[in-house]
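Novice: I'll drop the sequence and a predicted model, then ask my questions.
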Amino acid sequence: MKLIAALCVLLGTLATAYPAQASPSHPAKSLKSACPHVRYDGRGALPSGRRSLPFGRGLISLPDRSARVVAISRDGRELFFSQLGPTGPQILRSAFQNGAWREPEPAPFSNVGINTEPSFSPDGRTLYFISNRPPSQGTDIWKVERSGAGWGEPERLGEAVNSAGNEWHPQSTRNGDLYFAADDRRDGHGQADLYVSKFANGTFSRAQNLGASINTPAAEWDGYVNPAGNRLIFKSNRPGGHGGMDMYASTRHGGSWSQPRNAGPIVNTADDDDSGDVTPDGRFVIFARSKPGAQFWSMYWIAAQAVDPELSHNTCH
């Protein structure tokens with residue numbers, strides 16, 4: 001799938017104190033991370049039970065703006081999200097200060113080309129994102145590291161991760177492994193597949209396709225993986241769903257992923273249901289929804305256990 005087509009499918013599209021943990025660029029061999037205490041001021045009514053509610057109305061979800069993929073800091077006081085503007089998708093940032101959210105503004109690293117799909121590492125010190133800035137080929141995975149009260153310079157991940165095709169939606173685990181979606185790869189099973197690049201001794205190994213237990217001749221996009229690396233939520237337009245794109249969940253036992261389970265009509269509708277990212281404390285799944293073909297995304301959230309009963313238990317442990 002070429003870049004423009006991929007964009008149409010996917011995007012229509014505080015500096016704060018953090019617990020002392022190993023950087024995702026140099027993760028500890030056995031890092032145990034307690035669940036953070038996330039404050040949810042100003043995000044809208046908290047969902048409970050099996051009902052999804054609007055997320056960030058007036059801040060992220062606006063009547064005339066399309067938004068998707070939200071990255072939340074460990075304390076909940078900083079948000080990065082993708083917004084589709086007239087020049088393509090960009091990453092916006094808002095911080096909770098003096099009892100209110102600041103007006104979102106472009107992230108300092110969202111300044112060249114298109115930039116989208118931000119994702120925090122579990123320790124909050126690294127933010128991965130997608131960009132087509134030079135020397136990217138198609139869309140590539142980039143990262144920025146926390147530097148004092150701000151962020152360092154963007155750094156493109158190497159050829160072990162990125163390819164001549166398009167990479168999307170990076171997600172890192174506690175040990176530094178990086179999961180992402182990609183199209184136009186020779187080892188693909190279909191329109192788009194999910195991959196993992198293992199991290200060891202300071203480097204990423206060549207990305208591996210997650211295999212036929214996850215990937216199909218249809219499209220598998222935008223996998224969320226919990227910090228322990230054993231729970232997976234992704235979207236797919238494979239047959240048997242409730243609409244266009246549906247969310248699916250899978251569990252890893254040893255080196256194998258289970259047969260994906262459709263998350264069901266609690267979250268999946270006749271619309272396109274997109275990008276089930278999970279809050280740092282594992283309580284909520286945040287996702288976007290669009291009418292098929294409309295490519296205008298609004299944000300929602302739902303209790304994590306309504307999507308995957310084991311998700312919150314496995315998010316921080």
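Specialist: That came in fine, so what should we check first?

Novice: who does the top strand by length along the chain touch, helix- and strand-wise?
Specialist: Using DSSP state E, we find that the single longest strand of the chain is strand 88-97. Packing partners of strand 88-97 (3 or more CB pairs under 8 Å, 6 or more residues apart in numbering; DSSP states H and E): strand 78-85, strand 105-106, strand 115-120. The C-beta positions use only the backbone N, C-alpha and C, and glycine is treated the same way.

Novice: mind listing what the longest one pairs with, with the direction of each?
Specialist: In this case it means strand 78-85. Partner strands and pairing direction for strand 78-85 (DSSP bridges) are strand 66-72 (antiparallel), strand 88-97 (antiparallel).

Novice: need the least confident one among these, by mean pLDDT.
Specialist: Ranked by mean pLDDT, these bottom out at strand 66-72, with a mean of 89.

Novice: Just the angle for that one relative to strand 115-120, thanks.
Specialist: Strand 66-72 and strand 115-120 are oriented at 20 degrees to each other (axes from the mean of the first three to the mean of the last three CA atoms, to 10 degrees).

Novice: Now do strand 66-72: distance to the chain's middle.
Specialist: 8 Å (CA atoms, centre = their mean, to the nearest Å).

Novice: Identify the bridge partners of Glu167.
Specialist: Where Glu167 sits in a bridge, its partners, by DSSP bridges, are Ala182.

Novice: Show the model's pLDDT score for it.
Specialist: 96.

Novice: Neighbours of the residue lying closest to Arg65 once chain neighbours are set aside, how many?
Specialist: Nearest residue to Arg65, sequence neighbours excluded (CB to CB, 6 or more residues apart in numbering): Gln83, at 5.8 Å. Neighbour count for Gln83, taken as other CB atoms under 10 Å: 22.

Novice: can you check Tyr40 too?
Specialist: With other CB under 10 Å as criterion, Tyr40 counts 17.

Novice: for it, helix, strand, or coil?
Specialist: Of the three states, Tyr40 takes coil under DSSP: H, G, I helix; E, B strand; the rest coil.

Novice: what sits against it?
Specialist: By CB atoms under 8 Å, 6 or more residues apart in numbering, the contact list for Tyr40 reads 46, 76.

Novice: Likewise for the one 4 residues further on?
Specialist: Neighbouring residues of Gly44 by CB under 8 Å, 6+ apart: 53-57, 301.

Novice: separation between Pro134 and Ile91?
Specialist: Distance, Pro134 to Ile91, by CB to CB, to the nearest Å: 18 Å.

Novice: In terms of neighbours, single out the busier of the two.
Specialist: Per other CB under 10 Å, whichever of Pro134 and Ile91 has more neighbours is Ile91, with 26 against 9.

Novice: I'd say that one and Ala107 touch.
Specialist: Yes: using CB atoms under 8 Å, Ile91 is in contact with Ala107, at 4.4 Å.

Novice: partner residues bridging the residue nearest to Arg65?
Specialist: As for beta bridges, Gln83 partners with Ala67, Gln90 under DSSP bridges.

Novice: Quick check: it touching Asp64?
Specialist: No: with contact defined as CB under 8 Å, Gln83 does not count as touching Asp64 (10.9 Å).

Novice: can I get the helices and strands packed on strand 88-97 in JSON lines with distance to Asn166?
Specialist: Shown next, in JSON lines, are those (distance: least, CB to CB, whole Å):
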{"stretch": "strand 78-85", "distance to Asn166": "15"}
{"stretch": "strand 105-106", "distance to Asn166": "22"}
{"stretch": "strand 115-120", "distance to Asn166": "11"}
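
Novice: Now do the contacts for the residue nearest to Gln137 when sequence neighbours are not counted.
Specialist: In this structure, Gln137 finds its nearest non-sequential neighbour in Ala164, 4.7 Å apart by CB to CB, 6+ apart. Residues in contact with Ala164 (CB under 8 Å, 6+ apart) are 137-138, 184.

Novice: out of the residues you listed, who's nearest Pro280?
Specialist: If you rank the contacts of Ala164 by distance to Pro280 using CB to CB, Gly138 comes first, at 29.8 Å.

Novice: residues touching the closest residue in space to Asn230 that isn't next to it in sequence, list them.
Specialist: Counting by CB to CB, 6+ apart, the nearest residue to Asn230 once its immediate chain neighbours are dropped is Arg252, at 4.5 Å. Neighbour list for Arg252: 229-232, 258 [criterion: CB under 8 Å, 6+ apart].
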